[in-house]
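# what shape does this take:
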Amino acid sequence: MAARTETRRNALLTIAAVLVGVVALNVVASIALPFARVDLTQDRLYSTSRGVDRTLASLDEPVRVDYFWTQEGSKDQPLIRAHGQRVREYLEEIARRSKGKVEFRFVDPEPFSEAEDEARAAGLPALAVDGSGRTLTLGLVVRGPTDRKETIPYLSPENEPLLEYELMRAIAAVGRPTKPKVGLLSTIPLEGGMDPRNPMAQRGPPVVIEQLREQVDVVDVDAAADALPAGIDALVLVQPRKLTEGMLRSIDAWAVSGKPLVVLADPYAETDAGPDAAMMGAKRGGTTYDLGPLLAAWGVDVPKDMVIGDLTYATRVRAPAKNGGVRELDYPAWLSMTADAFTKDDPLVGGLQSLNLMSPGSIERIEGTKATLEPLVRSTDRAQQIQTLKLGFFGDPEQLLKDFKADGTRRTLAARIGGEIASAYPAADGTRATGKANILLIADADLLADDTWVIDDRVAGMSVGKRAVADNGPLVLNAVELAAGNPALAEIRARGQFRRPFTVVDEMRRDAQTRFIAEEKNLQDEIQRTELQIGELQRERTPDGMQQVVLSAEQVKKIEELQQRMVAARKELRAVQLSLRQGVEQLGTRLLVLNAVLWPLAVAAAALAWYVLRGRSSRREASK
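Now for the predicted structure:
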């Protein structure tokens, strides 16, 4: 007995010592290592990208981040509240890591307060939460030393994976003392002027070009020049063609040196109003890019005689019908792309929701080259290559749709080119310079045109502004910012999702729905056929062609049978729908029981088994 008592006392002392040790370790760690932490989450949710520290270190003077979050407006919105708290903690972490270069200020813009007026003055909207009049402000303002300001009006939980990139982009933008210089070489007129399709009308520059000139210092490059200008930080080529050999050599040297380059090379630029765009066979332009030997030197190719069509992203258009009228149909050469087409973890396209392209080309990697190709925008497997000859004056949208046959291959429409590339032009001794590529290639130039992504809202014939219907503009602006801004931004990728969906549950729900959907469709078809038969019997005429006023006994009996069959089919349909709902509910119940009952019981059983085995071992030792 004494031995058993001694054993129990030793066990209690051991447990107490462990508890005291854990508490002491936490106290010591909090004092000696106040900011030490280990991120064990699957997607490294609480870790920053490699480019964050480099971006913060590049700041010459401090910047300030003002975070506006209406806590009262989100108190009944657990998703928004948790998201807002995570954003606050992340911003505090950035301020700590910046070593004084980022000042963080939290503001709660309560209704009718000076803080609310400050939020409205900064351009942050007040979003209605419910019908009670409560509003929510959830955005931030980044201010630089030269009064430059960047605003993120609303920090949506859906875009939380891109928070790090958007914040670093804003910090880098306001932290620059001057705007970066970006060379723009375009053979497509981008300065507005007379509209060649309507000589009586004038048009301004594309909206995206106006926005670009506000964001950076654009240096226009003459396509007929023999070299690029000095002093530019990035280079943008729009539908390059008919360039001098000197200019091609200058672009080649730029690319090999690893300087940032954005290229829009379109095999069929429909919106190009150049001198040769009105030739026979070019209903909407139809110019083709020409970069000489440069693409091959970069390890890629964009076939000049083919464009990509996609039935999944086909745009609904109005086209002349063969009978002289107008009909609506899906035009596969014009793509209205959704978020599924974009690489999710890339900051350039990961936050885009839609993109409108006209007859884009396909970017193909040349085998045997050292260059790497990272797709950013891709078609679905319901895509097909289409000859450009079928899109011009002789093109027939209806026939194009009839002849369409998907080849089952996903095509790359925009990509980032990296890795080692060699110069297209050898030196006098026959050697070729090599370097690491930093190229963004987009196989479409029509995305710059207003016709593809903005709508001119008019009231009484007067323009009241332009409204974006796609993310063409943000794509171009982000590409230039990524190229001309801090190079560390290229190392930032989208973070993982904090919300963890029940993927297994969703898959089981989809499987259950698939099992019942076919039966449900058959029953609905039977009900529809029965209703049609009843209608035909009720409209049945006598042999002399007169409408029957009184139905015959045989007709009445048949209608009653059909009605009974229809009632039975409806009953069976309700049973099918009920079975689907019950299957999903039963699944939820099983998961609830598993998580709330079975797992705790399993842990308790394991603890009890350990206790019993430990007790037996102690008794055997005491009996010796």
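# helix or strand: which one has the residue nearest to residue 222 when sequence neighbours are not counted?
Closest residue to residue 222 in three dimensions, ignoring its sequence neighbours and counting by Cβ to Cβ, 6 or more residues apart in numbering: residue 185, at 7.9 Å. All C-beta atoms are positioned from the backbone trio N, CA, C, and that covers glycine. Under the criterion of DSSP states H and E, residue 185 resides in strand 181-186.
# which other helices and strands contact that strand?
Where contact means 3 or more Cβ pairs under 8 Å, 6 or more residues apart in numbering; DSSP states H and E, strand 181-186 is packed against strand 217-220, strand 234-238, helix 472-484.
# okay, these in a markdown table with mean neighbour count and distance to residue 129 next?
Supplementary listing: those in a markdown table, determined by neighbours: other Cβ atoms under 10 Å; distance: least, Cβ to Cβ, whole Å:
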| stretch | mean neighbour count | distance to residue 129 |
| --- | --- | --- |
| strand 217-220 | 16 | 41 |
| strand 234-238 | 24 | 42 |
| helix 472-484 | 22 | 27 |
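# residue 172 is nearest to which of those?
Using Cβ to Cβ as the criterion, the shortest distance between residue 172 and those is 8.4 Å, found for helix 472-484.
# quick one: the closest one to strand 181-186, angle?
Helix 472-484 runs at 130 degrees relative to strand 181-186, counting by axes from the mean of the first three to the mean of the last three Cα atoms, to 10 degrees.
# quick check: mean pLDDT of helix 472-484?
Along helix 472-484, the predicted local confidence has a mean pLDDT of 89.
# that one - contacts with which helices or strands?
Helix 472-484 is packed against helix 163-175, strand 181-186, helix 207-215, strand 234-238, strand 261-264, strand 354-358, strand 439-442, helix 450-453, with contacts defined by 3+ Cβ pairs under 8 Å, 6+ apart.
# just so I know, which of the ones you listed lies nearest residue 222?
Using Cβ to Cβ and comparing the helices and strands packed on helix 472-484, the one that lies nearest residue 222 is strand 181-186, at 7.9 Å.
# gap between the closest residue to residue 231 other than its chain neighbours and residue 488?
Counting by Cβ to Cβ, 6+ apart, residue 181 is the residue found nearest to residue 231 once chain neighbours are left out, at 6.0 Å. Taken as Cβ to Cβ, to the nearest Å, the spacing of residue 181 relative to residue 488 amounts to 19 Å.
# these two: which has the busier surroundings?
Taking neighbours as other Cβ atoms under 10 Å, residue 181 and residue 488 compare with residue 488 leading, 19 against 16.
# quick check: that one touching residue 51?
Yes - counting by Cβ atoms under 8 Å, residue 488 sits close enough to residue 51 to count as a contact (3.8 Å).
# so what sits against both of those two?
Common neighbours of residue 488 and residue 51, using Cβ atoms under 8 Å, 6 or more residues apart in numbering, are residue 168.
# could you break the chain into its assigned domains?
With automatic domain parsing as the criterion, the domains of the chain are listed as 1-36, 50-175, 181-484, 505-539+558-623.
# still on that earlier bit, and the residue nearest to residue 222, what are its bridge partners?
Judged by DSSP bridges, the bridge partners of residue 185 are residue 237.
# does it touch residue 224 like I think?
No - applying Cβ under 8 Å, one finds residue 185 not in contact with residue 224, separated by 10.3 Å.
# these two: who's more crowded?
Each of residue 185 and residue 224 has its neighbours counted (other Cβ under 10 Å); residue 185 has more, 22 against 10.
# give me the pLDDT value at that one.
pLDDT, the model's per-residue confidence, is 97 for residue 185.
# contact partners for it?
Neighbour list for residue 185: 221-223, 228, 235-238, 240, 247 [criterion: Cβ under 8 Å, 6+ apart].
# pLDDT added to the residues you listed, as JSON lines?
Output for the contacts of residue 185, formatted as JSON lines (pLDDT from 0 to 100):
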{"residue": "221", "pLDDT": "96"}
{"residue": "222", "pLDDT": "95"}
{"residue": "223", "pLDDT": "92"}
{"residue": "228", "pLDDT": "96"}
{"residue": "235", "pLDDT": "97"}
{"residue": "236", "pLDDT": "97"}
{"residue": "237", "pLDDT": "97"}
{"residue": "238", "pLDDT": "97"}
{"residue": "240", "pLDDT": "96"}
{"residue": "247", "pLDDT": "97"}
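# pipe those into JSON lines and attach distance to residue 68 per row.
As requested, those are exported to JSON lines (distance: Cβ to Cβ, whole Å):
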{"residue": "221", "distance to residue 68": "41"}
{"residue": "222", "distance to residue 68": "46"}
{"residue": "223", "distance to residue 68": "46"}
{"residue": "228", "distance to residue 68": "43"}
{"residue": "235", "distance to residue 68": "38"}
{"residue": "236", "distance to residue 68": "34"}
{"residue": "237", "distance to residue 68": "40"}
{"residue": "238", "distance to residue 68": "38"}
{"residue": "240", "distance to residue 68": "44"}
{"residue": "247", "distance to residue 68": "48"}
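# quick one, strands of the stretch 301-450 of the chain?
Remark: strands assigned in the stretch 301-450 of the chain by DSSP state E, counting those that start in this stretch are 306-310, 314-320, 326-338, 354-358, 364-365, 371-378, 383-387, 412-422, 434-436, 439-442.
# if we can go back for a sec, so what pairs up with the residue nearest to residue 231 in the strands?
When residue 181 is checked against DSSP bridges, its beta-bridge partners turn out to be residue 217.
# same check on residue 67?
Beta-bridge pairing of residue 67 under DSSP bridges involves residue 106, residue 140.
# for the protein, which segments count as helices?
The residue ranges that make up the helices of the chain, judged by DSSP state H, are 2-32, 50-57, 78-97, 114-121, 163-175, 207-215, 245-256, 294-297, 397-402, 450-453, 472-484, 503-538, 553-593, 599-623.
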